[in-house]
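Student: Let me see the structure of the following:
(chains A, B, C and D)
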Amino acid sequence: MTSERAASPYPDSAEEFRQRVQEFLSAQLPAGWNGLGSIPTEEQVVFIDAWRATLHRNNLLAVSWPESYGGAGLTPLDQLVLAEEFTKAGVPQGGLNDNFSIQMLGSTLLKFGTEDQKQYYLPRILSKDDVWCQGFSEPEAGSDLAGVRTRAHRDGDEWVIEGQKTWTSYGHLATHIFVLCRTDPDAVRHRGLSLLLVKIDQPGVTLRPLKTLTGEEEFNEVFFDGARCAVESIVGEVNDGWRMAMTLLGFERGEAAATLPMKFGQDLERLVQLAIRYDKAGDDTVRQRLARSAEGVEQMRSMGMRAVSQWVNGHEIGAESSIHKLFWSEWLQETTELAMDIMGIDGIIPTGDGLQGMSFPAAEAGTPNTSGAWADYFLRARAATIYAGSSEIQRNIIGERILGLPKDAR
Amino acid sequence: MTSERAASPYPDSAEEFRQRVQEFLSAQLPAGWNGLGSIPTEEQVVFIDAWRATLHRNNLLAVSWPESYGGAGLTPLDQLVLAEEFTKAGVPQGGLNDNFSIQMLGSTLLKFGTEDQKQYYLPRILSKDDVWCQGFSEPEAGSDLAGVRTRAHRDGDEWVIEGQKTWTSYGHLATHIFVLCRTDPDAVRHRGLSLLLVKIDQPGVTLRPLKTLTGEEEFNEVFFDGARCAVESIVGEVNDGWRMAMTLLGFERGEAAATLPMKFGQDLERLVQLAIRYDKAGDDTVRQRLARSAEGVEQMRSMGMRAVSQWVNGHEIGAESSIHKLFWSEWLQETTELAMDIMGIDGIIPTGDGLQGMSFPAAEAGTPNTSGAWADYFLRARAATIYAGSSEIQRNIIGERILGLPKDAR
Amino acid sequence: MFFELDEDQEQLKDLMRSFLQQESPEHTLVQRTENSLERPHDVRVFDRLCAELELVGLAIPEERGGSGAGLVELFVVFEELGRVLYGGPLLSTMLAAELIVTADTEDDFAELLGQLLAGAVRGAVAGLEWNRPSGLTASQDESGHWIVSGVSDYVFDGTDADQVVLFADSGDGVRCFLVDQPEALERSAREQLDLTRPVGRIRFDAAPVTPIGSAASAAGVRERVVAVATLCITAEQVGAARRCLEISVEHAASRTQFGRAIGSFQAVKHRCADSAVLVEAASATGLHAAWALQQDAGQQDPVVRSAKSVCSEASVKVAASTIQVLGGIGYTWEHPAHLFYRRAITSRQTMGTTWQHRDDIASQLFARG
Amino acid sequence: MFFELDEDQEQLKDLMRSFLQQESPEHTLVQRTENSLERPHDVRVFDRLCAELELVGLAIPEERGGSGAGLVELFVVFEELGRVLYGGPLLSTMLAAELIVTADTEDDFAELLGQLLAGAVRGAVAGLEWNRPSGLTASQDESGHWIVSGVSDYVFDGTDADQVVLFADSGDGVRCFLVDQPEALERSAREQLDLTRPVGRIRFDAAPVTPIGSAASAAGVRERVVAVATLCITAEQVGAARRCLEISVEHAASRTQFGRAIGSFQAVKHRCADSAVLVEAASATGLHAAWALQQDAGQQDPVVRSAKSVCSEASVKVAASTIQVLGGIGYTWEHPAHLFYRRAITSRQTMGTTWQHRDDIASQLFARG
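Tutor: Down below sits the predicted model:
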């Protein structure tokens, strides 16, 4: 830890790869590219499509997959370097649904799928023939995922599915959905669940957009009313779906521990400019809060470095990711609230370009430094302590899995 | 609520009584009296003794008791006025143990005691022949009072007591202790408890001082090893001690809702002077935090006015007292922390007179405005969220009794 | 005794509660907000609030055509209005009437006042700022007629009001005016975070105006109108916070996860308890401010200031907490929680920000100290 | 890869942990603190830390007699020292050695340095302030000998140190000096909130001193010594916070109330979880600061500043939280929780307050922006 040179804590081989990524980016990105955050939502969709195709052509789409299945087979360290450079440049690592298609489902199939499934699904994911979304949360099973009620029963060679899912991101862009459902009605809670692979375009599946409090339609409710899939469209064994689901959710991007703080660092820089614009550089309260925000970035960066070091060295990022989640979600709420206070009356009559695209959880590079964008960001930040495991759930995980405290009484 | 005159929200009769109290105080207090907080701890003990005797002579000691038992028989409104004037003047309403002797035990005996008990104990309390302390908390029964383990069994005409109590304030000044103990070993939790009246000066009772983190010896541990009391030395029925204890603890001084904010208002005034002395009147961070502290006083005052209005009108102050407790304990921690920050390095090398006497929970009028006193106050404030029902317990009470939320799973 | 609502006040509260439950029910709030044609107020509701409940004149003396009630009653009414996020022109019309009653000692504007009290004319007050310049300047043209120029950035009901009164700086201090031709003003609606109360920007370009009241009294009039406006916002904040707490508690008591009502988990229970403390403290402080302002109009600043700062913080925290308790549901457009949150955030910056109020409180502390 | 302790560093940590567990056990901490004769450090422990573990010279280059390890190693050591609230003269002696090594490029003070490294002589550094004037002024008397006057208010081990080095303002900038007759100085112990580390006030009344190193390099020396001192305090804060968290968790897991371990209640569990977040963030930030300072001594301010501010906040919050989790037990003198709290409060004001560090961070942000 003490012997690396000051400029970079990375080994030379990683720096060489970084060089290649930078060259790739400057060759592929349009002149004057300012980051995804700088282009309007509608254009983003077009750009992301084209960019995904570029990545596919250059074999940079599924960086963690082995080359034999069309992946890039990068080492974790190179994945990290790639992610850092993409983040700096403000470009995504794939299409909108690839977090579900490649990262979650693809990785899970690689681990638990049959050879037939791998041969069939993985190429179709890369080619975008299949686009996946997630069918986990339900109206009555939010924090308590083991309480899913959607059920599937066998009918000959098929599973027949009845129930409802919600909070399905980009469901309207997907062709398929992986569905956690109850296949053994007599088993309790997380026993008796299975993970099924279901086509969306069929009579038994209905999608309804779910507007968020900012008025955006990123999410969907998905209704299953006699939807069907073949018996072999299951990941893992029947009634082993809980393990599959936990595996799937566990495929977090290890490099996010490094890239998320980078994005928040960009937020901080915009915020400093905002404070200057609103003539608050001499305002003591703003100075103290801004410094606290900067310390937050520094803390996330340090924790991120520690986490990716472990990840690169082959350790999984475990329950510590709950610490990171809790930290950044609170940081984001505090920091966007500071922005609102800096803007005063302008914050409540926001003008200028808003936050473009979905850019969740953090704003993309190039996000406009307007009251409109900050007000959007401020509102969206309320979701940060709710989605992907609420803060209450995260604190339970930290208390029980990291600190070893006894479970809640039930 | 709208028709009273501006200067006072009190009826004329109360203002006339206030006049009389003020005359009493100016007649009885030494010239140049600056409040209890201004005299050293050792002198306080002497003063309080003498002052208690003065109150006793003037029939102002047990203001809420009926005159037939030696009390003052004041209406709640007059009790309130008296308390306000005493608070302003910085004098106590009785001796150190009278909160236990008069307020708690005396009031409980008036309600549930036999006529014999009232005739015997009440005069002895007033005359200071008997001085009481409290035997409720135990090492293993803090927040969970129903978990007391101290037990008593009958031996002929006597109860024999075995066990340990702790956090007994002023136990070393007391002659007697009321003890909550388990008289039915087979009954669970709060069933099977009794409230016994026990003499301290006997072989089976041992006191050990318990030093607090500030180094003071206000508290005691009390060990019972075959201690005895007569069978009739019981409040209420055998095994009805839980109801007795809850009644006893429920005799809060209703007027404290008004006088505590007055004391905190005095703290605020000292704090303003402190900030001026440390040249922080122009420091924006200090200004904002000080204003927040002032708002806290305003909030406590307003809640206090609401509470005493109800109390004066004959309603008991119920679970709202948990709201007040939670509020002031957090206010006190925040405000004393602000004082520490104002003093900077002086706060960690405190000098000058410290906080005198026990003055809990709030400092007395006349408390020196020194770094020594603030540092003491700051340390003591840590107890505020623990003693007399921790903040966790208060939040449970508010959640369950005021908001009607379901109980914790057990 | 002296700090509980009396029977009449309790009745007024019950009346408001049941009227608004019927006329402005929460379950249609989101839908009404979306329907921009009648967004966000309902003409019929406004008419009934004025004509039947006579709320514009509630705190206006009987000899001027009001009901002669006090600021405590006004607080009670606006607390209930805040509870349903009412955003119609009652506040603006009431403030316009308050301005006229306070400034117009000669009763020169009795007719306009009567129309405002009846709700026949909707009023708005421009140049109404706590602790900031009005943004408007008044001068006399050659013929001696007063004209006003400048921009008033944030006027309650500024776009649609029938009549506009205003405060403007006249060279030697502030003065009160009535705009002669309100239809000729350049007005624009502002898109704001709060979706439930329309505000407008009004540009004055040498707009002819008529003075209301004397130059000598105008500063006092502004102080009064600012204090009353702030008090009403504060009351709304209390009402909204209390309703948010109720929503949280209802959800926590009924929603089950892990086989238990989530309100039995301390994380949720204690969150609700903290909100209850905020609501109780805000409510007591707000009501105390109304009472104190009523008692002693000369000492209005400090208590109203504290109340605004306290209630702003409470309403924002409780609304945010409600979204958290509701979880995903609280993040949907369909649930009104976000409307409460938007209103809370917006009201916090209105009639003096918390920072401004605290800075003033500090100045008073040090001046006294 | 690049941000985990390597094997040697892990070994160093384990060594410190087991040494201190034996020599400075927590269960005797309160008693040792009360025993004012040897309070608060133990001569034998100091001797062993110096002679056996050679910690004074840990981060000093081998060619100057040190072990040549880095600041990460120093951080590891002081984290362990903070864990047991060690308050002996190691820090002050190490800083005195650091001053001499950095300033004394000619090796004029090799003998003194050797004594310090061996722990044979206890050193202290006066005039060591982050971001404030040293409080000391140096001038030359007629014979050209340097003398120092002024008061240094808060000197680690200031009362008992055998030798005193210092920073003083010399007219044209800061310079480093060694006090010629330390036994002649007017020194007094300070009663402080922290009961575990002695500090002293030293009054210099034209005290004769000898310069160490050149005038040109002195500002850089001070920057370095201040940064190292701050880093050590930061490391102590991390260690203390981590230990407080452990104490909380141990108690929460074993203490039962209402028939359950209190750690199964979310109020307690989530409090511990919040402390765990603070500890993890503080530890990562502190270690990162050590690493960054090691890598690039020129860029030391910003990272050390952030780390100090972050770790101060964490250590105070976690110590306060520990008292709350412990309940009544935490409020007793007998339990060491209050010693951790007192140390945390004190360290927060030492080597730059949080307010000062944040103000400087803001200046840097705006200068960069």
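Student: residues in contact with A:F24?
Tutor: By C-beta atoms under 8 Å, 6 or more residues apart in numbering or on different chains, A:F24 lies in contact with A:58, A:60. Glycine gets a C-beta too; all of them are placed from N, C-alpha and C.
Student: Name the residues of the stretch 51-200 of chain A found near chain C, please.
Tutor: Counting by C-beta under 8 Å from any C-beta of the partner chain, the residues of the stretch 51-200 of chain A close to chain C are A:137, A:140-144, A:147, A:166-167.
Student: So C:L90 is in contact with C:E54, correct?
Tutor: No: applying C-beta atoms under 8 Å as the test, C:L90 and C:E54 come out as separate, 11.3 Å apart.
Student: More neighbours: which of those two?
Tutor: Legend: neighbour count by other C-beta atoms under 10 Å in any protein chain shown for C:L90 and C:E54, higher for C:L90 (26 against 17).
Student: separation between that one and chain A?
Tutor: According to C-beta to the nearest C-beta, to the nearest Å, C:L90 stands 21 Å off from chain A.
Student: go on, C:D172?
Tutor: Look at C:D172 and chain A: by C-beta to the nearest C-beta, they are 28 Å apart.
Student: For that residue, grab the count of nearby residues.
Tutor: Under the neighbour criterion other C-beta under 10 Å, C:D172 is assigned a count of 7.
Student: how does chain A divide into domains?
Tutor: A:13-95, A:129-243, A:253-403 (the TED database).
Student: measure the first one end to end?
Tutor: Across domain A:13-95, the terminal residues are separated by 28 Å (C-alpha to C-alpha, to the nearest Å).
Student: Same question for the second one.
Tutor: Chord length of domain A:129-243, first to last residue, is 27 Å (C-alpha to C-alpha).
Student: Are stretch A:380-389 and chain D in contact anywhere?
Tutor: No: against chain D, stretch A:380-389 shows no contacts by C-beta under 8 Å from any C-beta, the least distance being 12.7 Å.
Student: average model confidence for that stretch?
Tutor: For stretch A:380-389, mean pLDDT is 94.
Student: Could you confirm whether that stretch reaches chain C?
Tutor: Yes: on the criterion C-beta under 8 Å from any C-beta, stretch A:380-389 is in touch with chain C at A:382-383, A:385-387.
Student: Leaving out sequence neighbours, find the closest residue to residue 64.
Tutor: As the question left the chain open, I've gone with chain A. Excluding the flanking residues, the one nearest A:S64 by C-beta to C-beta, 6 or more residues apart in numbering or on different chains is A:Q79, at 6.1 Å.
Student: actually it's chain C I care about, not the one you picked
Tutor: In space, C:R64 is closest to C:V101, 5.2 Å off (C-beta to C-beta, 6+ apart).
Student: Tell me the confidence at residue 61?
Tutor: Just so you know, I chose chain A. pLDDT, read off for A:L61, is 94.
Student: You answered for a different chain; I wanted chain C.
Tutor: Value for C:P61, per-residue pLDDT: 95.
Student: Contacts only, for the residue lying closest to it once chain neighbours are set aside.
Tutor: Leaving aside its sequence neighbours, C:P61 sits nearest to C:G68 (C-beta to C-beta, 6+ apart; 5.4 Å). With contact taken as C-beta under 8 Å, 6+ apart, C:G68 is in contact with C:59-62.
Student: out of the residues you listed, who's nearest chain D?
Tutor: C:A59 (44.3 Å; C-beta to the nearest C-beta).
Student: The closest one belongs to a helix?
Tutor: No: C:A59 is assigned coil when assessed by DSSP: H, G, I helix; E, B strand; the rest coil, not a helix.
Student: quick one, longest strand in chain C?
Tutor: What stands out as the longest strand in chain C, according to DSSP state E, is strand C:199-212.
Student: distance between the helix or strand just after it and the chain's centre?
Tutor: Next helix or strand after strand C:199-212 toward the C-terminus (DSSP states H and E): helix C:215-254. The chain centre lies 6 Å from the centre of helix C:215-254; the measure is C-alpha atoms, centre = their mean, to the nearest Å.
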